[in-house]
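Chemist: Take this sequence and fold it.
(one chain, ligands or ions: 2)
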Amino acid sequence: MADLRNCSKCGRLFGYMGKPICSYCAEEEEDDFKKVKEYLYDYPGSTVFEVSDATDVEVEKIMRFLKEERLQVSSENPNMLLECEKCSRPINMGRFCQNCKNDLHASMRKEFGLDKKPTPPEDDYKLKTNAKEQMFTATRRK
Ligand SMILES: [Zn+2]
Ligand SMILES: [Zn+2]
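Modeler: Ligands and ions are numbered 1, 2, ... in the order given. Sure, this is the predicted structure:
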């Protein structure tokens, strides 16, 4: 059974497949994406505005392609850079710079206890006590 929705772009009713837009608009977007990609391949130093002018694809859309990491600007291109959403450093794709990505990754690993660094013996005891204390507070909170 199809989950029918209205396309967020053209309003047409379509069978929902995990994207908020219908297949017509998805195809159109794919075309736009290809145009932008090809243009950047030929003119790797272009600005977003030049690309937009030459391909008829809106600037916002090009920026979205970049943020979705579907499009990558060559790192030598100083004209088309995004800003890291955490530290505002210029980046060439995605939402965060490599530094912040590493940070995010590290804190995520910590949270899930994936860090398997061997602990020096003197810290081991402290860690264990901490864990016990944490467990104690956790049970007390219930
Ligand atoms: Zn549509
Ligand atoms: Zn950053």
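Chemist: Tell me how far F33 lies from E60.
Modeler: Distance check for F33 against E60: by Cβ to Cβ, to the nearest Å, it reads 14 Å. C-betas here are computed from N, CA, C, even on glycine.
Chemist: what about the strands in the chain?
Modeler: Using DSSP state E, the strands of the chain run over 4-6, 13-15, 82-83, 90-91.
Chemist: The third one and ligand 2 in contact?
Modeler: No: no part of strand 82-83 sits close enough to ligand 2 to count as contact by Cβ under 5 Å from the ion; the gap is at least 8.5 Å.
Chemist: and that strand, what other elements does it pack with?
Modeler: helix 59-67, strand 90-91 (3 or more Cβ pairs under 8 Å, 6 or more residues apart in numbering; DSSP states H and E).
Chemist: rank those by mean pLDDT and give me the bottom one.
Modeler: Mean pLDDT is lowest for strand 90-91 out of these, coming in at a mean of 84.
Chemist: Strand partners (parallel or antiparallel) of that one?
Modeler: Strand pairing for strand 90-91, determined by DSSP bridges: strand 82-83 (antiparallel).
Chemist: neighbouring contacts of the strand it pairs with?
Modeler: The contact list for strand 82-83 (Cβ atoms under 8 Å, 6 or more residues apart in numbering) reads 63, 66-67, 89-95.
Chemist: Of those, which pair is most distant in space?
Modeler: Spanning the widest gap among those are M63 and R89, at 16.7 Å by Cβ to Cβ.
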